[in-house]
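Enquirer: Need a 3D model of the sequence below.
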Amino acid sequence: MAELLFDADYLERMEEEAFLQASDRMDAGCQVVGVYCAFTPKELIAAARAIPVSLCGSSENTIADAEAHLPRNLCPLIKSSYGFALTDTCPYFHEAQFVLADATCDGKKKMFELLGRIKPVHLLHLPQTADTREAFQYWLQELHKVKALLEEQTGRPITAESIREQIRLYNEFRRTAEKVFEFNRGEVPLFYGREINRITSPAGFECNIPWRIAEMRQAMDRGRKRAENSDFRRMMARKPRILLTGCPATNKKILNAIEENGGVVAAMENCGGLKALQMMVREDMDPLEALAERYLAVACPCMTPNTKRLDLIGRIIENYHIDGVVELIWQACHTYNIEAYQVREYVTNQCGRPYLQIETDYSEADSPRIKLRIDAFLELFN
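Expert: Have a look, this model is predicted:
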């Protein structure tokens, strides 16, 4: 495998710089607001001149601590996230004054009750469907409550123009991140999935979006130079192009396994991937209504029905010339696991592509078995 242009050290440098920038803003009186899911509009937080930070845990190190309060047969993402809060070992959670939490899956909702003993938590009550006017009005009222809460907590008014400003900025961030993915739509992919993840990662505290946009553009310049490297293109042309879908790829275990065994993750549909990037917030309507419309349309399995996700997967398969689909299911994530039946059916019957489902946790105990399964799956394309 060719040397990665954007390795773990690259992301570490981005995170260090983001932390320093956030520290300067916190010293100037800015508050930090923790978020856990793709439904919380970060534009509202930024419009209050606060700093949003994503808190989903990616390590198994705190899971044992979390299991003192949570059942063992619970999603590792939930346990890891709670474990970091419980042990106060996450600098992002430590700095957050309060948390905005989306009522998505049952496991997260109940975990948030315990989290509220550690830090103030405001729960955003999601409707169960996204396709009705009643659901939209319900969600819009939730965002009005969030706006009022942010104004109260920060002591700063949130104007329509300040929201519009953040909408424009975050839309530009999404467009730029999507362009990074689009380097893999051509004849051969130009970025590994691991690189895309590091390039487009919010790098912790989101306090300087223009800086992150500039960094992504610099990364794309390096990707364009790769396009001129005939040896690199020949190597990438031999690799099966994989779509990684399913649960949030917070832990990179499966992403790494695919690429360390000869594939290339040409696209990711998971939260943090194309699912969250292909929808812009409308800039020609009331800003709160625009935020409600956009965020309610996130194609998450916590909504029913969730046909938008199948449509998105179909477009990605076509646009990114996907050879096969790997679906990641974190153990005990019933929401994604049940929907996986429909995804498998759609991918194999409608799209005519091989499909592999991997159910796992954050530990490395099953890595040899996963390697064997991925090896066998990638052999289908030789």
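Enquirer: mind checking pLDDT for the spatially most central residue of the chain?
Expert: For the chain, the residue sitting closest to the mean C-alpha position, by Cα atoms, centre = their mean, is Gly272 at 2.0 Å. Note for Gly272: predicted pLDDT of 82.
Enquirer: State the distance from it to Ile45.
Expert: According to Cβ to Cβ, to the nearest Å, Gly272 and Ile45 sit 17 Å apart. For the C-beta atoms, the positions are set from N, CA and C on the backbone; glycine is no exception.
Enquirer: so the nearest residue to the residue nearest to the centre of the chain once chain neighbours are set aside is in which element?
Expert: Leaving out its chain neighbours, the residue that sits closest to Gly272 by Cβ to Cβ, 6 or more residues apart in numbering is Pro248, at 6.2 Å. Pro248 belongs to no helix or strand when assigned by DSSP states H and E.
Enquirer: before we move on, what SS does Ala68 have?
Expert: coil (DSSP: H, G, I helix; E, B strand; the rest coil).
Enquirer: which non-adjacent residue is nearest it?
Expert: Closest to Ala68 by Cβ to Cβ, 6+ apart is Leu86, at 7.8 Å.
Enquirer: so Leu55 touches Pro91, yeah?
Expert: No: the pair Leu55 / Pro91 is not scored as a contact, 10.8 Å apart, by Cβ atoms under 8 Å.
Enquirer: before we move on, the earlier item: test my guess that the residue nearest to Gly272 contacts Cys271.
Expert: Yes: Pro248 lies in contact with Cys271 (Cβ under 8 Å); the separation is 4.3 Å.
Enquirer: Pull out the buried positions in stretch 74-84.
Expert: Residues of stretch 74-84 classed as buried by neighbour count (16 or more other Cβ atoms under 10 Å): 74-84.
Enquirer: helices or strands up against the helix or strand where Tyr295 lies?
Expert: Assigned by DSSP H and E, Tyr295 belongs to helix 287-296. Packed against helix 287-296, as judged by 3 or more Cβ pairs under 8 Å, 6 or more residues apart in numbering; DSSP states H and E, are the following elements: helix 133-154, helix 160-182.
Enquirer: Deepest in the core, which of those helices is it.
Expert: helix 160-182 (a mean of 18; mean count of other Cβ atoms under 10 Å).
Enquirer: what separates stretch 3-20 from the chain centre, distance-wise?
Expert: Distance, stretch centre to chain centre, for stretch 3-20: 17 Å (Cα atoms, centre = their mean, to the nearest Å).
Enquirer: Could the C-alpha coordinates of that stretch be exported in PDB?
Expert: Output in PDB follows, covering the C-alpha atoms of stretch 3-20 (Å, rounded to 0.1, in the frame of the first residue of the first chain):
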ATOM      1  CA  GLU A   3       2.200   5.800   1.900                       C
ATOM      2  CA  LEU A   4      -0.700   7.800   3.200                       C
ATOM      3  CA  LEU A   5      -0.400  11.500   2.500                       C
ATOM      4  CA  PHE A   6      -2.800  12.200   5.400                       C
ATOM      5  CA  ASP A   7      -2.000   9.900   8.300                       C
ATOM      6  CA  ALA A   8      -2.800   9.900  12.000                       C
ATOM      7  CA  ASP A   9      -0.200  12.600  12.600                       C
ATOM      8  CA  TYR A  10      -2.000  14.900  10.200                       C
ATOM      9  CA  LEU A  11      -5.200  14.600  12.200                       C
ATOM     10  CA  GLU A  12      -3.400  15.000  15.400                       C
ATOM     11  CA  ARG A  13      -1.900  18.300  14.200                       C
ATOM     12  CA  MET A  14      -5.300  19.500  13.100                       C
ATOM     13  CA  GLU A  15      -6.800  18.600  16.600                       C
ATOM     14  CA  GLU A  16      -3.900  20.400  18.400                       C
ATOM     15  CA  GLU A  17      -4.400  23.500  16.400                       C
ATOM     16  CA  ALA A  18      -8.200  23.400  16.900                       C
ATOM     17  CA  PHE A  19      -7.700  23.000  20.600                       C
ATOM     18  CA  LEU A  20      -5.400  26.000  20.700                       C
END
